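*Asks:* Okay, structure incoming, though there's no sequence with it:
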């Protein structure tokens, strides 16, 4: 059995919280030695925590593990079927909160009706993510998503909510499972899940590199 097949089995069994190794062995049908080897590797990459007996899984674990499996050769179709779209939003919200942003999920706007998946606000600056749980993608699809995210952010800047929170500039971004080969499309940041935390930490210093809308 290839490491990708082992990884996909494990991915489908992981859930947030602490689980004994024996429980994961039963759920995945994988042997203790095989599973332990992969868990130690993931612990070393800080995807999860493993002490030889217990496995600790956080909100970021499954998307980060999926990104790892993609680099190992797993298909986007296999990975997207094993993940939930909500996990992408959880990851974006967690990264923003960890960097001191006030976070809003599913921000709905009217006239016209639009929604921003995850928005973080810090000291007048907002970072807005469109979380794409895609089984496949293309440059044209990314380009269309970028245009729509800019439109959402422009509309958000004119809302009462943005004014109340003191937002004066907003950077649109698209969160995807894997490195697309482009770090921007139409000037809009395209962020792979394994680069998310570093991107959020640096975002305020990147306003000259990516589309940023201002009042």
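*Replies:* Sure thing, it's come through. The structure displayed is predicted, hence computed values, not measured ones.

*Asks:* Flag the shaky bits of the protein, pLDDT-wise.
*Replies:* 1, 135, 179-182 (pLDDT under 70).

*Asks:* mind listing what's buried in the helix ranked longest in it?
*Replies:* If you go by DSSP state H, the chain has its longest helix at helix 139-157. By neighbour count with 16 or more other C-beta atoms under 10 Å, helix 139-157 contains the buried residues 142, 145-146, 149-150, 152-153, 155-157. Bear in mind the C-beta positions are built from the backbone N, C-alpha and C, glycine included.

*Asks:* now, which of the residues you listed sits nearest residue 94?
*Replies:* For residue 94, the nearest member of the buried residues of helix 139-157 is residue 149. The distance, counting by C-beta to C-beta, is 20.1 Å.

*Asks:* separation between that closest one and residue 195?
*Replies:* For residue 149, the distance to residue 195 (C-beta to C-beta, to the nearest Å) stands at 18 Å.

*Asks:* Residue 47 now?
*Replies:* 14 Å.

*Asks:* These two - which one has more neighbours?
*Replies:* Set side by side, residue 47 and residue 195 show more neighbours around residue 47, with 23 against 14, by other C-beta atoms under 10 Å.

*Asks:* which ones are touching the more buried one?
*Replies:* By C-beta atoms under 8 Å, 6 or more residues apart in numbering, the contact set of residue 47 is 61, 64-65, 68.

*Asks:* Can you report phi and psi for it?
*Replies:* phi -80, psi -40 (degrees, to the nearest 10).
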